[in-house]
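S.K.: Here is a sequence with its predicted model. Questions after.
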Amino acid sequence: MNEADVRERLADVQDPDLGDDIVSLGLVNDVEVDADAVRVSLALGAPFSPHESAIADDVRSALADTGLDVSLSASIPDGLDADEQVLPGVKNVIAVASGKGGVGKSTMAVNIAAGLSELGARVGLFDADVYGPNVPRMVSAEERPQTDGETIVPPERFGVKLMSMDFLTGEDDPVIWRGPMVHKIITQLVEDVEWGDLDYLVMDLPPGTGDTQLTILQTLPLTGAVIVTTPQDVALDDAVKGLRMFGKHDTNVLGIAENMAGFRCPDCGGFHEIFGSGGGKGLAQEHDLPFLGGIPLDPDVRTGGDDGEPVVLEDGETADAFKVLVENVANNAGVVRRRGVSEGR
């Protein structure tokens, strides 16, 4: 068996999202065959996403009867030297954004990060809401960052590396900064934090479309953004503003996540759509975007957020909803990366 034979077999492996086989799409970086082994490098960019894991499994199955020891690796060629990259060790930067406050954006960011870590990924969470940082409280992070005078080593919680302005200000100190100061502190935190090698860096953005968002869009190589909304019209109207902001900067939107999507009464068992229904899914359909999932209004989300453990790490209906959302985020990040390889051939 030679390289051509291997590629012929791999032509039977379909990409579940891009509608063609991985060879035609240019997702096979390299094939090496020797007497008793075959090494295949695949252009897969979203580690531990269910769809990319399935592609890898299908590749192994396609070569299973060859009698060769099959070894797979994955990388996305980016065309940049390491010293030209802002975050050379980070494979994917995912922004979690909302058009307005109060929709549970930080809760969503925490659970996405913890859920990705639970899948097996190496994850960082950057609380970029400089005016109202609350991620450390939400995960009960008592350990503070360490520094050697040049770099900042972030603490970890639930397998996630954390950085937040809350670590750097006094407990009751208000943050009163103008745009240039916001730009400077965000840039410094990105460059000076020792993130190491990460599969995903989740960024919890402040609500709205201000200086912090602009700095991140101009500075970081975002894989894509998650737009968080609630079902009611006022939240949906503001979510559209966030969509337009990312569109103006040619940033992929991974999908719409709907929070507070109904409440199941623990006493009567009834399901009550307190803030309306179908708003997030309708917004996604209107703008031809994926709907990542809906998270119910659940007291466990509040207690988990206040006391520490993210709900996605627990059992139950709400935890399952978060897990579906996390998998959809990872899958759609993979679509963005693989499509970029295929279209850039």
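M.R.: Arrived safely, thanks for sending. No experiment lies behind these values; they were computed from the predicted model shown. Numbers count the residues shown, from 1 in each chain.
S.K.: Which parts of the stretch 151-300 of the chain are strands?
M.R.: 152-153, 156-157, 160-164, 200-204, 224-229, 253-259, 263-264, 271-272, 291-295 (DSSP state E, counting those that start in this stretch).
S.K.: Contacts for whichever strand or helix holds residue 4, please.
M.R.: Applying DSSP states H and E as the criterion places residue 4 in helix 3-10. Applying CB atoms under 8 Å, 6 or more residues apart in numbering, the contact partners of helix 3-10 are 21-23, 28, 31-33, 38, 40, 59, 62-63, 66. Backbone N, C-alpha and C define where each C-beta goes, glycine included.
S.K.: ok, 10 Å please
M.R.: Applying CB atoms under 10 Å, 6 or more residues apart in numbering, the contact partners of helix 3-10 are 1-2, 21-23, 27-28, 30-33, 38-40, 42, 58-59, 61-66, 68, 70.
S.K.: So how do I select the buried members of the residues you listed in ChimeraX?
M.R.: This is the ChimeraX syntax for the buried subset of the contacts of helix 3-10, where burial follows 16 or more other CB atoms under 10 Å:
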select :22,23,27,28,31,33,38,39,40,42,58,59,62,63,68,70
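S.K.: now the residue lying closest to residue 121 once chain neighbours are set aside: how far from residue 167?
M.R.: Distance criterion CB to CB, 6 or more residues apart in numbering; nearest residue to residue 121, sequence neighbours excluded, is residue 199 at 4.0 Å. Distance, residue 199 to residue 167, using CB to CB, to the nearest Å: 23 Å.
S.K.: So which of those two has more stuff around it?
M.R.: residue 199 (22 against 19; other CB atoms under 10 Å).
S.K.: hang on, that one packs against residue 159?
M.R.: No. Judged on CB atoms under 10 Å, residue 199 makes no contact with residue 159 at a distance of 11.6 Å.
S.K.: Next, show the common contact partners of those two.
M.R.: With CB under 10 Å, 6+ apart as the test, residue 199 and residue 159 both reach 116-117, 120-123.
S.K.: residues in contact with residue 71?
M.R.: Neighbours of residue 71 in contact, by CB under 10 Å, 6+ apart: 32, 37-41, 60.
S.K.: and residue 329, what is it in contact with?
M.R.: Counting by CB under 10 Å, 6+ apart, residue 329 has contacts 46, 49, 92, 94, 96, 108, 112, 115-116, 200, 202, 223-224, 226, 254-255, 257, 290, 292-293.
S.K.: helix/strand/coil for residue 96?
M.R.: strand (DSSP: H, G, I helix; E, B strand; the rest coil).
S.K.: gap between it and residue 322?
M.R.: In terms of CB to CB, residue 96 sits 13 Å off from residue 322.
S.K.: again, but for residue 158
M.R.: Relative to residue 322, and taking CB to CB, residue 158 is found at 13 Å.
S.K.: for residue 231, same thing?
M.R.: 17 Å.
S.K.: Looking at the two, which one has more neighbours?
M.R.: residue 322 (28 against 23).
S.K.: buried set for stretch 85-95?
M.R.: Those would be 87, 90-95, for stretch 85-95 by 16+ other CB under 10 Å.
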